[in-house]
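Peer 1: sequence and predicted structure, then a few things I'm wondering about:
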Amino acid sequence: MVHELTSDRRRLATIAPALVALLAATAARLPLALAWPRVALLLHLWIVSDAMMLALLARTRRPPARLVIGTLALAALAVWIGAPAPMRHALSTMPALALVMTALLLLHVALAVRRAAAADGLSLEARVGIGLGDLLPPPLGRFAAAEWSILHMALFRWGGTGDVPAGCRGFAYHRHLAPISAALLILSGIEVGTYHLLVGHWSRTAAIVMFVLSDLGLVYLVGLIKSFRLRPVLLTPDGVRVRAGFLIDRLVPFDRIVSIEGGLIDGAAVRDPATLNAALLAWPNILLRLSGPVEHRAGPRRRRIDAIAFRLDDPEDFLRILRWRMGRAAG
């Protein structure tokens, strides 16, 4: 019950600031606000800043100074974007306020760049993701960081080894997905050309729009296929990190694993709603049963799982090392 209340509060803290900013921008266009633009601007800034700060406090009891500065900077930016022309003109007549708003934005950008640059041992892709996550509000920041990771992987990472941090061991699962991945890529390429030719006879504008959307989908598909190789399943010092490209990334601590099954996995266990099937387009050859149900989030959906199934290209080495690690941990 407490967890549900906390989750609802966090969800409300994510949605409420955007609604308040939208309502404040609407109210700023009322005749009374346009008649007193300086007062309306100050009220607009106060309402949006207050809503965003309350949302920050709802998510984090003691937010660091970096988050406070970022919240105030984003509030200033939201007010400037949502303000009508008379209020923007009023802002130009208050240089001190304009200077404070500009300084907050510049300081926010500088702190985000500094934090990304100070992330030792991380790739440029990861550092840019950290910077985007800091620059934007939490939901948009996470979305932008994820989008950047996908696009960077699809367009700029050709060859190279997988993402295996120091102290971890990676286990591949991409080889059994290669044939169907190649087939999907070929079919998508044919689809792009077909859309362009057929729709082009009806409307050139529609053909261009469909071509752009299809190309974007093709880029995402390339990123997904490459992520199968670049993001292997990991044995870490803390547990098993089950990954399926950028679709699934779940760390299972060693102390939560109660049994390990390999080989031909029972179909009833795989189809159980409480089992997270990370094998994607193949039948799993490894099943980890957990000591109790844990929450798994996939996009907006949440569910409770007590087992994780996945497939590896070389399961024997993985099972041998995992059982040895589990035995050493138990000892």
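Peer 2: Nice, thanks for sending it over.

Peer 1: quick one, helices of the stretch 151-300 of the chain?
Peer 2: Counting by DSSP state H, counting those that start in this stretch, the stretch 151-300 of the chain has helices at residues 178-200, 204-230, 267-271.

Peer 1: list the buried residues of the last one.
Peer 2: Applying a neighbour-count criterion of 16 or more other Cβ atoms under 10 Å, the buried positions in helix 267-271 are Ala269. C-betas here are computed from N, CA, C, even on glycine.

Peer 1: could you do stretch 320-330 as well?
Peer 2: Of the residues in stretch 320-330, Leu322, Arg325, Met326 count as buried by neighbour count, 16+ other Cβ under 10 Å.

Peer 1: ok so the second one is a helix residue?
Peer 2: Think Arg325. Yes - Arg325: assigned to a helix according to DSSP: H, G, I helix; E, B strand; the rest coil.

Peer 1: which residue sits closest to it, ignoring its sequence neighbours?
Peer 2: Once flanking residues are discounted, Arg325 sits nearest to Phe254: 6.5 Å by Cβ to Cβ, 6 or more residues apart in numbering.

Peer 1: hang on, the one you found packs against Arg241?
Peer 2: No - the criterion here is Cβ atoms under 8 Å, and Phe254 misses it with Arg241 at 11.5 Å.

Peer 1: any stretches of the stretch 201-331 of the chain with poor pLDDT?
Peer 2: Along the stretch 201-331 of the chain, segments meeting pLDDT under 70 span 299-300, 328-331.

Peer 1: what about the strands in it?
Peer 2: Secondary structure of the stretch 201-331 of the chain (DSSP state E, counting those that start in this stretch): strands at 233-235, 239-244, 248-253, 257-262, 275-277, 286-298, 301-310.

Peer 1: mind putting those into TSV with distance to Arg204?
Peer 2: TSV is the format used below for these (distance: least, Cβ to Cβ, whole Å):
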stretch	distance to Arg204
strand 233-235	47
strand 239-244	40
strand 248-253	41
strand 257-262	56
strand 275-277	44
strand 286-298	39
strand 301-310	39
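
Peer 1: what's the closest of those to Ala154?
Peer 2: Nearest to Ala154 among those is strand 239-244; the distance by Cβ to Cβ comes to 16.7 Å.

Peer 1: dump that closest one to CSV, keeping only the CA atoms.
Peer 2: Provided in CSV are the C-alpha atoms of strand 239-244 (Å, rounded to 0.1, in the frame of the first residue of the first chain):
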residue,chain,number,x,y,z
GLY,A,239,24.4,-10.6,-9.9
VAL,A,240,23.2,-11.5,-13.3
ARG,A,241,22.3,-8.6,-15.6
VAL,A,242,19.8,-9.9,-18.1
ARG,A,243,19.7,-7.8,-21.3
ALA,A,244,17.9,-8.1,-24.6
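
Peer 1: show me what it is in contact with.
Peer 2: The contact list for strand 239-244 (Cβ atoms under 8 Å, 6 or more residues apart in numbering) reads 168, 173, 228, 231-235, 248-254, 256-257, 276, 278-280, 288, 308, 310, 322.

Peer 1: okay, now the sheet partners of it, with direction.
Peer 2: Here strand 239-244 is paired, per DSSP bridges, with strand 233-235 (antiparallel), strand 248-253 (antiparallel).

Peer 1: ok so, going back, Serialize the buried residues of stretch 320-330 to TSV and add fields for distance to Val20.
Peer 2: Shown next, in TSV, are the buried residues of stretch 320-330 (distance: Cβ to Cβ, whole Å):
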residue	distance to Val20
Leu322	49
Arg325	50
Met326	50
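
Peer 1: what's the domain layout of the protein?
Peer 2: Listed by automatic domain parsing, the domain ranges of the chain are 2-118, 176-230, 233-330.

Peer 1: give me the neighbour count for the residue nearest to Arg231 when sequence neighbours are not counted.
Peer 2: Closest residue to Arg231 apart from its sequence neighbours, by Cβ to Cβ, 6+ apart: Arg243 at 4.7 Å. Neighbour count of Arg243, defined by other Cβ atoms under 10 Å: 25.
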